[in-house]
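Q: Would you be able to build a 3D model of this:
(2 chains)
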Amino acid sequence: MASVDYAIQARVRQLLARHWVRAEGLVVGTTEGVVVLKGPLAVEPGGGTRLDDPLQRARFLQRLRTEVAAIPGVREVVLEMGSDLGTED
Amino acid sequence: MEGKHAAGDAPRAQAESGPESLILNGAHEAERVLEEQAALHPTYADARWRLGLLKLAHGQTVLAEREFEEALGIHPGYRAALWGLRFARLLQGRTVEDMAGESEPPACREEAAWAAVEQAYRLRASGADPLAAFPEDGDPLLRLHYAAYFALERGDERSAAEHLRAAAAASATSAAILGDLGYDPARPESLSTVAPALLGMLWSPLAADLYAYLGRIYARNGLREEAARAYGRAFLTLPDEGCHARHEAELAIAFGEEEQAIELLTRAIAVDPTCVGTRIALGFEYAAQGFVDEARIQFEVAATLAPGYADVRYNLGLLYSAEDKSAEAMRQFRQALAINPSFLPARRSLAALLERLGRHEEALREADRLVRQGFVTADLLVQMARSSLALERMEEALDYLLRAEALQPDHAPTYHLLGQVYRRKGQKNKARSAWRRYLAKTAQADVGPSPARSAAG
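A: Take a look at the predicted model:
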């Protein structure tokens, strides 16, 4: 499992880039298929939906969790993403 | 100049995308977002600065001046805002000679470009040749792009065509961007196609940031072509091949074009081999596609260029680990922790590696540090239990597993190991019960041959 951690890690980065999530301050780690995303959640502006709206934020995080979990080799997703005002699609 | 520009996208102010025919005006959207940011975060000087650029792009030089003043009020040392303020005043026909910063030499390549273009506008205002502002040893592409603009502005089509042709010949990137706007060096009449788009732009190297910002806004809304055009305008106003390739790579990554992303990032590195961010991005692209060697090389270079990046060390460790180079992987994880002792993923992966190598006491020590740092997951507790079990410390293993169960009752591996611990303790009924729970929580298809399967049946 550890042999694919690097690939999972890279796929997670791609996913974050596709959602325009800002990587600064965000810690991304993968150990034996368990992905940890920890830090402030902020996205590039201009997407529409607001992350300071709790409902939209929760939806965004749920979508992110689902998409990370769908990456081959991922066994578990730990999201600890604090608040940082921003917008998302 | 006043009221002349429209953020360079006047001919394309509205773009359609998708079944809902989303109408998006990038400049309006940018203004909305920036106004909101400025209101929510009064200390964001960047938002005020970009609003100033937007006002300039709309020809609202007095409003722009106010925004730049606001930005400088927040951050008095903000050089880009100072140059924006100078530019806004210059466009109002005011003198800027006595302003602070006048005598200071350019702090960077961008600032040298800001200074040259500002001087060109001054010369133009005094009736002199603006091209005299561009030094002989300066960026030739910057000179050609601005020469074409100034020529178009004064109606000198012959000179404009000559400079555009030269720009297209000098740079494939310029040629592609101008081509996208309708310019074809082989067809002189195409100048009339490209002229309105060029004249509609804000011609200042400061505007490169604004156009890049608009590019991201278009991209965020799924408008790839509009985003690429905005990045193109950023290049025209401040030619930087490496930066442009990175912008295009960013688009390729965002839109899932993996092969193109690698090609563009490679091109960006060829222009600027010392850019750590590009090396990291290319490393991740290679890694995502399974090119471990290529990815490792990029991270190794990045680690050399920026020895203080814990994240680079960590990812390098993962790559070494994938190549079964455990000692090297461990060294990288430890270096990441030396840089940043609270970098949790490095400690987590180090603990896992130690456990795989059978170094259980060390694995437990690292795992315990994680727990004390507040990082507790069922997966970590199960790993700790495995080490305890290997060390024949049954009660300790049981304690970790019960904590894992309490923390995350659905974590199937907890029950698998719990069954093993109970069996080793001679508690067969409890072992069977744990394995039954394991099977209940694991899809039948995912369960391979295991002691749980036979014992629980």
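
Q: any idea which helix is longest in the chain?
A: Defaulting to chain A. The single longest helix within chain A, with elements called by DSSP state H, is helix A:54-69.

Q: wrong chain, I was asking about chain B
A: Determined from DSSP H, the single longest helix within chain B is helix B:109-125.

Q: Show the contacting residues for B:Ser349.
A: The contact partners of B:Ser349, by C-beta atoms under 8 Å, 6 or more residues apart in numbering or on different chains, come to A:2, A:5, A:29-31, B:314, B:317-318, B:321, B:329, B:333. No exception for glycine: its C-beta is placed from N, CA and C like everyone else's.

Q: three-state assignment of the residue of chain A at minimum distance from chain B?
A: Per C-beta to the nearest C-beta, A:Gly29 is where chain A lies closest to chain B, at 2.2 Å. Following DSSP: H, G, I helix; E, B strand; the rest coil, the label given to A:Gly29 is strand.

Q: burial of it, as a residue count?
A: 25 (other C-beta atoms under 10 Å in any protein chain shown).

Q: Might you report the residue contacts of it?
A: Contacts of A:Gly29 (C-beta under 8 Å, 6+ apart): A:9, A:35-36, A:38, B:314, B:344-346, B:348-349.

Q: Surely A:Val77 forms part of a helix?
A: No. Using three-state DSSP, the assignment for A:Val77 is strand, not a helix.

Q: which residues does it bridge with?
A: Beta-bridge partners of A:Val77, counted by DSSP bridges, are A:Val35.

Q: near chain B, which residues of chain A show up?
A: By C-beta under 8 Å from any C-beta of the partner chain, the residues of chain A that approach chain B are A:2-7, A:9-11, A:13-14, A:17-18, A:20, A:27-32, A:34, A:36, A:38, A:43-48, A:75-76, A:78, A:85, A:87, A:89.

Q: Which of those fall within helices?
A: Among the residues of chain A next to chain B, the members falling in helices (DSSP H) are A:5-7, A:9-11, A:13-14, A:17-18.

Q: Whichever of those end up buried, select them in PyMOL.
A: Buried members of these can be picked out in PyMOL with the line below, counting by 16 or more other C-beta atoms under 10 Å in any protein chain shown:
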select buried, chain A and resi 5+6+7+9+10+11+13+14+17
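
Q: give me the low-pLDDT residue ranges for the stretch 201-350 of chain B?
A: The model of the stretch 201-350 of chain B has no residue with pLDDT under 70.

Q: Can you name the residue of it nearest to chain A?
A: In the stretch 201-350 of chain B, the residue that lies nearest chain A is B:Pro345 (2.2 Å; C-beta to the nearest C-beta).

Q: Show the pLDDT at the residue nearest to that residue when sequence neighbours are not counted.
A: The shortest distance from B:Pro345 to any non-neighbouring residue, by C-beta to C-beta, 6 or more residues apart in numbering or on different chains, is to A:Gly29 (2.2 Å). Listed pLDDT for A:Gly29 reads 96.

Q: Could you list the domains of chain B?
A: Split into domains by automatic domain parsing, chain B comes to B:1-135, B:376-457.

Q: which one of those has the lowest average pLDDT?
A: When I compare those, domain B:1-135 is least confident, with a mean of 80.

Q: With chain A in mind, check whether that one reaches it.
A: Yes. Using C-beta under 8 Å from any C-beta, domain B:1-135 reaches chain A at B:29-30, B:33-34, B:37, B:40-41.

Q: which of those lies closest to chain A?
A: B:Val33 (4.2 Å).

Q: Which parts of the stretch 101-250 of chain B are strands?
A: Defined through DSSP state E, counting those that start in this stretch, the strands belonging to the stretch 101-250 of chain B form an empty list.

Q: which bits of the stretch 251-400 of chain B sit near chain A?
A: B:253-256, B:283-288, B:290, B:292, B:295, B:311, B:314-315, B:318-319, B:321-322, B:324, B:343-346, B:348-349, B:352-353, B:356, B:377, B:379.

Q: Among those residues, name the buried ones.
A: Using 16+ other C-beta under 10 Å as the burial test, these include B:253-254, B:283-288, B:292, B:295, B:311, B:314-315, B:318-319, B:321-322, B:343-346, B:348-349, B:352-353, B:356, B:377, B:379 as buried.

Q: show me the contacts for B:Leu398.
A: Here B:Leu398 is in contact with B:385, B:418, B:421, B:425 (C-beta under 8 Å, 6+ apart).

Q: Can you flag which of those residues belong to helices?
A: Judged by DSSP H, the contacts of B:Leu398 include B:385, B:418, B:421 as members of helices.

Q: What is the neighbour count of the first one?
A: Spelled out, it's B:Ala385. B:Ala385 has 27 nearby residues by other C-beta under 10 Å.

Q: give the contact list for it.
A: Taking C-beta under 8 Å, 6+ apart, one finds B:396-398, B:400-401, B:404, B:417, B:421 in contact with B:Ala385.

Q: Which stretches in the stretch 351-457 of chain B count as helices?
A: Ranges of helices within the stretch 351-457 of chain B are B:360-372, B:378-390, B:394-407, B:412-424, B:428-441, B:451-456, based on DSSP state H, counting those that start in this stretch.

Q: can I get those helices in a markdown table with distance to B:Val271?
A: Output for the helices of the stretch 351-457 of chain B, formatted as a markdown table (distance: least, C-beta to C-beta, whole Å):
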| stretch | distance to B:Val271 |
| --- | --- |
| helix B:360-372 | 41 |
| helix B:378-390 | 42 |
| helix B:394-407 | 49 |
| helix B:412-424 | 48 |
| helix B:428-441 | 52 |
| helix B:451-456 | 56 |
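
Q: So for B:Glu118, which of the ones you listed sits nearest?
A: helix B:360-372 (54.1 Å; C-beta to C-beta).

Q: could you list every residue that touches the closest residue to B:Ala268 other than its chain neighbours?
A: Closest residue to B:Ala268 apart from its sequence neighbours, by C-beta to C-beta, 6+ apart: B:Ala245 at 3.7 Å. Taking C-beta under 8 Å, 6+ apart, we find B:Ala245 in contact with B:264-265, B:267-268, B:271.

Q: A:Ala7 contacts B:Tyr286, correct?
A: No. Applying C-beta atoms under 8 Å, one finds A:Ala7 not in contact with B:Tyr286, separated by 10.1 Å.
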